[in-house]
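1. Mind folding the following:
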Amino acid sequence: MKWLPFELHTHTPHSDGTHSLLEMCRTASELGLAGIALTDHNTVSGLADAEAVNRQTGITIIPGMEWTTFYGHMLTLGAPYCEWRDLGLHDIHKGISRVHEQGGIVGIAHPYSLGSPICTGCHWDYTVSDWNQIDYIEVWHEMMPSMKNHNVPAFKQWTDLLNEGYRISATAGRDWHRSEPADKLAAYTYIGLPDRPMQRSIADIIAAIKQGQLCLSMGPLLEVSLSLGHERYGLGDQVPLAIVDTSAIAGLTVQITRSTQPERPWGAEEGNWIIVDSNQGELARLPASAHNGLPIMLPTEGLVWLRVRLFGIIDGILTTIACTNPIYFSNGLLIEE
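-> The predicted structure is shown next:
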């Protein structure tokens, strides 16, 4: 598995961005990103230059769009243009089906941003009758996202849905509109992809996002694996019920890997913590410096999911620096799609 940083929410002058796709991808390359998702508002016209820009910069460009409506913003990835203008407050699933039928995935963008009259449509108001149809939620939005008030309820909503047994991925999105030097850190979405670059495809990336092979980070990458018996599992995997019993103890390993970007904070130094969250609450809180790369032994009874956070000081504030998507367990609450 190769973990690569992506920016999954971007705009060009084809909607309301100020940088061209080429300018953005050149900056993305300077930042050490592997790819971006182009998600202009209500248009895919900016993708006309994608192939040429990819050849010039080496940046992978995921085709996407941000449906921008009076009732919410929804990101679509990996699908061609799908009609959205006939969707009312209570029939978003009609639009979601169109995207899925074209092989794409959908994500709710910044669901708790301020709505009217500050930003009409920025708050998510669509009725979701089947959460199995939502592939991901943008739980970290804008720069320094773990410190933004509107991301707190988004992160909580994601957690509540996991507790109800839904498998929904979480992503970070800078909502990138210009290529000026940023004075604060963005959080990137690290995507776990097959380690075969010559064969890696947009389909691989879309599948990994849907699966939840993701780590959101303002600093280092958290590589997580869980050992149970002779088997090993990673982010987005489901530990099968057949090998989970009331006495089973799993070994969770968290490897903290420094970012290739020099301005990004490390994470295994003194004062930072590895926190293991789950449907049962906090399972463990351990010093990162002492447990980086070492197994953390955890009981599996009653687990439906667990994820890992790196908690520490960044920009002088104590906050979550990085957070993974879950590893799942088939302990009774998982809702089949």
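2. Just the strands from the stretch 201-337 of the chain, written as ranges.
-> With strands called from DSSP state E, counting those that start in this stretch, the stretch 201-337 of the chain shows them at 214-217, 221-228, 231-234, 238-239, 249-257, 273-278, 281-287, 295-299, 305-314, 317-324, 327-329.
3. The fifth one vs strand 295-299, what angle?
-> Looking back up the chat, that one is strand 249-257. Here the directions of strand 249-257 and strand 295-299 differ by 140 degrees (axes from the mean of the first three to the mean of the last three CA atoms, to 10 degrees).
4. Partner strands of strand 249-257, with direction?
-> strand 221-228 (antiparallel), strand 295-299 (antiparallel) (DSSP bridges).
5. Just send these back as TSV, with mean pLDDT and mean neighbour count too.
-> Any C-beta I mention is one placed from the backbone N, CA and C, and that applies to glycine too. As requested, these are exported to TSV (pLDDT from 0 to 100; neighbours: other CB atoms under 10 Å):
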stretch	mean pLDDT	mean neighbour count
strand 221-228	96	21
strand 295-299	95	14
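6. Would you mind putting those into TSV with distance to residue 32 alongside?
-> Listed next are the strands paired with strand 249-257 as TSV, based on distance: least, CB to CB, whole Å:
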stretch	distance to residue 32
strand 221-228	12
strand 295-299	29
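7. closest to residue 265 out of those strands?
-> With respect to residue 265, and counting by CB to CB, the nearest of the strands paired with strand 249-257 is strand 221-228 at 12.2 Å.
8. Return the distance of the closest one from the chain's centre.
-> 17 Å (CA atoms, centre = their mean, to the nearest Å).
9. between that strand and strand 273-278, how many degrees?
-> Using the same axes, to 10 degrees: strand 221-228 against strand 273-278 is 50 degrees.
10. contacts for strand 221-228?
-> 3, 5, 190, 215, 232-235, 237, 239, 243-244, 248, 250-257, 259, 295, 300, 308, 310, 322-324, 327 (CB atoms under 8 Å, 6 or more residues apart in numbering).
11. Which among those count as buried?
-> 3, 5, 190, 215, 233-235, 237, 239, 244, 248, 250, 252-254, 256-257, 259, 300, 308, 310, 322-324, 327 (16 or more other CB atoms under 10 Å).
12. count of neighbours near the residue nearest to residue 319 when sequence neighbours are not counted?
-> Sequence neighbours aside, residue 146 is the residue nearest to residue 319 in space, at 4.7 Å (criterion: CB to CB, 6 or more residues apart in numbering). Applying other CB atoms under 10 Å, we find 22 residues neighbouring residue 146.
13. Next, residue 146: phi, psi?
-> phi -70, psi -10 (degrees, to the nearest 10).
14. for residue 264, what are its contacts?
-> 185, 218, 219, 220, 258.
15. Just the buried ones from those?
-> 185, 218, 219, 220.
16. what residue ranges in the stretch 151-300 of the chain score low on pLDDT?
-> Across the stretch 151-300 of the chain, the ranges flagged by pLDDT under 70 are 181-183, 197, 241-247.
17. Repeat the analysis, applying 90 as the threshold.
-> Low-confidence segments of the stretch 151-300 of the chain, defined by pLDDT under 90: 179-185, 194-200, 229-230, 240-248, 259-265, 269-270.
18. In it, mark out all the helices, start to finish.
-> For the stretch 151-300 of the chain, the helices defined by DSSP state H, counting those that start in this stretch occupy 151-163, 202-211, 288-291.
19. Now render the ones you listed as CSV, adding distance to residue 86 and mean neighbour count.
-> Output for these, formatted as CSV (distance: least, CB to CB, whole Å; neighbours: other CB atoms under 10 Å):
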stretch, distance to residue 86, mean neighbour count
helix 151-163, 27, 17
helix 202-211, 25, 19
helix 288-291, 50, 17
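20. among those helices, which is nearest residue 107?
-> helix 202-211 (8.2 Å).
21. what does that closest one rub up against?
-> 6, 8, 35, 60, 62-63, 77-78, 103-105, 135-136, 169, 171, 189, 191-194, 214, 236.
22. Figure out how far that helix is from the centre of its chain.
-> With CA atoms, centre = their mean as the basis, the mean position of helix 202-211 lies at 11 Å from the chain mean.
23. repeat for stretch 6-22
-> 19 Å.
24. How about stretch 263-277?
-> 19 Å.
25. Equivalent analysis for stretch 99-107, please.
-> 16 Å.
26. Stretch 220-233 too?
-> 19 Å.
27. and the end-to-end length of that stretch?
-> The first and last residues of stretch 220-233 sit 21 Å apart, counting by CA to CA, to the nearest Å.
28. Tell me how many other residues crowd residue 34.
-> For residue 34, using other CB under 10 Å, the count is 22.
29. and what of residue 37?
-> 29.
30. How about the contacts made by it?
-> Counted by CB under 8 Å, 6+ apart, residue 37 has contacts 6, 7, 8, 9, 10, 61, 62, 63, 64, 75, 77.
31. Quick check: the second one is in a strand.
-> It refers to residue 7. Yes - assessed by DSSP: H, G, I helix; E, B strand; the rest coil, residue 7 belongs to a strand.
32. Tell me how far it lies from residue 28.
-> Between residue 7 and residue 28 the computed distance is 7 Å (CB to CB, to the nearest Å).
33. which residues do the two both contact?
-> With CB under 8 Å, 6+ apart as the test, residue 7 and residue 28 both reach 35, 36.
34. Understood, closing this out.
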